[in-house]
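1. Predicted model and sequence follow; I will ask about them next.
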Amino acid sequence: MSLTELFKHKTVFSLEVFPPKKTSPTEAILPTLTRLQSLNPDFISVTLGAGGTDHCDGTVEIANLIQNKLNIPAVSHVPGLYQTKEQVLALLDRLDSINVKNILALRGDRIAGKQPAGDFTHANELVKFVKEQRPDFTVASACYPNCHTEAAGFVDDLAHLKEKVDAGADHLISQLFFDNQAFYDFKEKTEIAGINVPIEAGIMPCTNKNQIERITQISGVPIPKKFAAIMDRYQDSKEAMLDAGIAFAVDQIIDLVSQGVDGIHLYTMNNSKIAKRIWDETESVFAASDLSKQKANS
Ligand code: FAD
């Protein structure tokens, strides 16, 4: 069953990992992946060049481990900004050769001082190109419940999102957010705009104040008062911050699943222990939601 088909039958639960630092061998991630396997994810996606790091290898090798060693569908991130059409085709060929036919097509994070390759300025161009060149690939795209930092505003950002979907994006994965209401408002706007593909909600468990401040600064995602209070109260206790951050993410997920979200995409930050704790707290919620989806379909 294709990933897109899957959304019709269940609340999709997916995970994101990133390649280890260049100094570590790719295989270093295998124990983490093996532990994540026990969460029974519908797919695991692997970043490529995220955070403006220069494009590192490792993504295809990790996708290979996920797809062929662990037998979990793998999704490779493919940023277009610094790649020529030929380079993208070569990457798709490498993925095809290991039977990975799912990608997340992105513009890509900017790399300070590096000149874009010029073939793909925005993600919609990449989506269109991949769909033309490799129609058998499933192509996901990114979306931003709190609006993309570079967008002129929500209306513009939504219009550009519609362009990605019209270009062939099969489903969307959202940027992280801490306020579910922002996601619900965004979802309503996408429906009005005629964006009818499944949208997975991106959830990042935040268990460390510095990490949260760095991520929210880069992504422009606002921190709600409730979460700011948690950080202020517990920042000096590693254990309390961990418990509170996990509880906050669990709370977000339970609410989203109960509101019929298409899927949850967990940004694991390669921390399988935290991901496991979240899964243990929410597994039954996913199961109950799938049961009611199956009943509705029959
Ligand atoms: P676009 O859809 O191109 O949008 C970027 C901006 O341009 C937006 O403001 C949009 O409104 C505007 N825009 C879009 N189309 C047009 C147009 N035709 N004309 C004018 N303006 C337009 N980055 C990486 O480098 N590697 C990764 O692995 C990675 N993984 C990610 C995973 C997820 C789930 C998410 C949400 C982001 C990820 N990123 C990654 C970051 C992403 O590359 C950045 O957020 C980037 O700034 C935007 O990417 P995009 O694909 O959404 O771009």
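-> Right, received. Where do you want to start?
2. Return the set of buried residues in stretch 81-95.
-> For stretch 81-95, burial by neighbour count (16 or more other Cβ atoms under 10 Å) applies to 81, 82, 83, 85, 88, 91, 92, 94, 95. Using the backbone N, CA and C atoms, a C-beta is placed for each residue, glycine as well.
3. quick one: is it near the ligand?
-> No - Stretch 81-95 stays clear of the ligand (Cβ under 6 Å from any ligand atom), getting no nearer than 7.6 Å.
4. Relative to the whole chain's centre, how far out is that stretch?
-> Chain-centre distance of stretch 81-95: 20 Å, with Cα atoms, centre = their mean, to the nearest Å.
5. mean confidence for that stretch?
-> For stretch 81-95, the mean per-residue pLDDT is 97.
6. cool, and stretch 136-147?
-> Averaging pLDDT along stretch 136-147 gives 98.
7. just stretch 164-177 next, same as before
-> In this model, stretch 164-177 has an average pLDDT of 98.
8. That stretch vs the ligand: in contact?
-> Yes - using Cβ under 6 Å from any ligand atom, stretch 164-177 reaches the ligand at 164, 173, 175.
9. who does the helix or strand harbouring residue 126 touch, helix- and strand-wise?
-> Using DSSP states H and E, residue 126 maps to helix 123-133. If you count contacts as 3 or more Cβ pairs under 8 Å, 6 or more residues apart in numbering; DSSP states H and E, helix 123-133 packs onto helix 85-97, strand 102-106, strand 138-143, helix 154-166.
10. quick one: which of the residues of stretch 164-177 next to the ligand is nearest to residue 101?
-> Comparing these against residue 101 with Cβ to Cβ picks out residue 173 as the nearest, at 16.9 Å.
11. A strand includes that closest one, no?
-> Yes - under DSSP: H, G, I helix; E, B strand; the rest coil, residue 173 falls within a strand.
12. Quick one: the helices in the stretch 1-150 of the chain, in order.
-> Secondary structure of the stretch 1-150 of the chain (DSSP state H, counting those that start in this stretch): helices located at 3-9, 30-37, 59-64, 85-97, 123-133.
13. and the angle for the longest one with helix 123-133?
-> Following axes from the mean of the first three to the mean of the last three Cα atoms, to 10 degrees, one obtains 60 degrees for the angle between helix 85-97 and helix 123-133.
14. which helices and strands sit right next to helix 85-97?
-> When contacts are defined as 3+ Cβ pairs under 8 Å, 6+ apart, helix 85-97 sits against helix 59-64, strand 74-79, helix 123-133.
15. what about 6 Å?
-> For helix 85-97, not one helix or strand is in contact under the criterion 3 or more Cβ pairs under 6 Å, 6 or more residues apart in numbering; DSSP states H and E.
16. the inter-axis angle of that helix versus strand 102-106?
-> Between helix 85-97 and strand 102-106, the angle comes out at 160 degrees (the same axes, to 10 degrees).
17. got the contact list for helix 85-97?
-> The contact list for helix 85-97 (Cβ atoms under 6 Å, 6 or more residues apart in numbering) reads 60, 76, 119, 134.
18. The stretch 51-200 of the chain against the ligand: which residues are in contact?
-> 77, 79, 104, 106-109, 122-124, 142, 148, 150-151, 156-157, 160, 163-164, 173, 175.
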